[in-house]
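S.K.: One predicted model, sequence on top.
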Amino acid sequence: MNSSNVSVTVNMAMTLDGKISSYDGSNLSFGSKEDRKEMDRLRAESDIIIWGAETLRIANCPAKVRLQEFIDYRLEQGNSPHPASGVITRTGNIPKTCNWFESELIQFVFTSKKGEEKAKEFCEGRAEVIVSVSEEVSPFSVLEFLRKRGFRKILLEGGGSIHWSFIKENLVDSLYITVTPFLAGGSKSPTILDGEGFLGPDFVNLKLEKFEKKGNELFLKYKILK
């Protein structure tokens with residue numbers, strides 16, 4: 001991680017063939033109760049959860065810790081019940097009726113100059129809007145902003161294009177992957193890592209640090225080798 005004292009983690013459940021939803025984006029949650037508990041654990045250990053705009057529009061809910069045991073853990077550590085939330089949107093297109101906005105959460109919207117007007121209109125003071133100086137939202141600038149605000153543990157929860165934007169800039173440290181017992185198929189179905197992809201010599205190297213079987217699911221943790 002290039003910004004000192006900041007770590008970035010990806011957490012995602014996928015089908016055996018690597019898909020994170022069906023081709024129409026409708027199947028957001030196919031993990032088990034154990035997978036949802038793992039998600040809560042990682043959320044509870046994070047300072048902020050980052051989503052892409054499409055993930056936000058489909059989920060249409062705030063990113064919060066759901067299980068009381070992990071809320072209690074955060075409170076015992078002197079933290080708020082829930083981590084902060086952020087969304088990255090180049091266009092600033094967040095519906096005013098989106099249920100992501102939550103008064104008790106610290107929330108940020110990262111957008112481009114193109115999306116500035118629309119994002120500020122949609123947020124209406126409910127979230128702080130941070131505008132990139134470029135046409136795209138730079139992952140590095142997002143992390144620099146968060147670092148300066150005191151955020152150290154960043155959790156990415158989708159989608160694949162957001163993961164790609166951070167990984168291609170060598171800004172992700174680890175991945176928690178739940179392999180679920182499903183096959184989705186479809187050349188247009190989103191994957192953990194979308195975007196243009198790497199050529200063979202530039203594939204990202206990983207080190208397996210955790211392997212656990214629970215029911216019909218596999219829980220994996222990989223460290224990204226820089």
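M.R.: Thanks, I have it.
S.K.: and stretch 57-70, average pLDDT?
M.R.: For stretch 57-70, mean pLDDT rounds to 93.
S.K.: could I have that stretch exported to PDB, CA atoms only?
M.R.: Coordinates of each C-alpha in stretch 57-70 appear next as PDB, following Å, rounded to 0.1, in the frame of the first residue of the first chain:
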ATOM      1  CA  ARG A  57     -27.900   1.300  -6.500                       C
ATOM      2  CA  ILE A  58     -28.600  -2.400  -6.500                       C
ATOM      3  CA  ALA A  59     -28.200  -2.900  -2.700                       C
ATOM      4  CA  ASN A  60     -30.100   0.300  -1.900                       C
ATOM      5  CA  CYS A  61     -29.200   0.100   1.800                       C
ATOM      6  CA  PRO A  62     -26.600   1.400   4.200                       C
ATOM      7  CA  ALA A  63     -23.400  -0.700   4.700                       C
ATOM      8  CA  LYS A  64     -23.700  -1.500   8.400                       C
ATOM      9  CA  VAL A  65     -22.600  -4.100  11.000                       C
ATOM     10  CA  ARG A  66     -25.700  -6.200  11.600                       C
ATOM     11  CA  LEU A  67     -24.800  -8.700  14.300                       C
ATOM     12  CA  GLN A  68     -24.900  -7.300  17.900                       C
ATOM     13  CA  GLU A  69     -21.700  -9.100  18.900                       C
ATOM     14  CA  PHE A  70     -19.700  -7.200  16.400                       C
END
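S.K.: buried sites along that stretch?
M.R.: 57-59, 62-65, 70 (16 or more other Cβ atoms under 10 Å). Yep, even glycine has a C-beta here, placed from its N, CA and C like the rest.
S.K.: what's the answer for stretch 187-201, then?
M.R.: 189-194.
S.K.: okay, the residues you listed in JSON lines with pLDDT and distance to Phe166 next?
M.R.: Below are the buried residues of stretch 187-201 laid out as JSON lines (pLDDT from 0 to 100; distance: Cβ to Cβ, whole Å):
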{"residue": "Ser189", "pLDDT": "92", "distance to Phe166": "21"}
{"residue": "Pro190", "pLDDT": "93", "distance to Phe166": "16"}
{"residue": "Thr191", "pLDDT": "95", "distance to Phe166": "15"}
{"residue": "Ile192", "pLDDT": "95", "distance to Phe166": "12"}
{"residue": "Leu193", "pLDDT": "96", "distance to Phe166": "10"}
{"residue": "Asp194", "pLDDT": "94", "distance to Phe166": "12"}
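S.K.: Filter those residues down to just the ones in helices.
M.R.: Counting by DSSP state H, no part of the buried residues of stretch 187-201 is found in helices.
S.K.: And those, which two are furthest apart?
M.R.: Spatial extent of those (Cβ to Cβ) is set by the pair Ser189 and Leu193 at 12.9 Å.
S.K.: Pick the one among the buried residues of stretch 187-201 closest to Lys113.
M.R.: Using Cβ to Cβ, the buried residues of stretch 187-201 come closest to Lys113 at Asp194, 24.0 Å.
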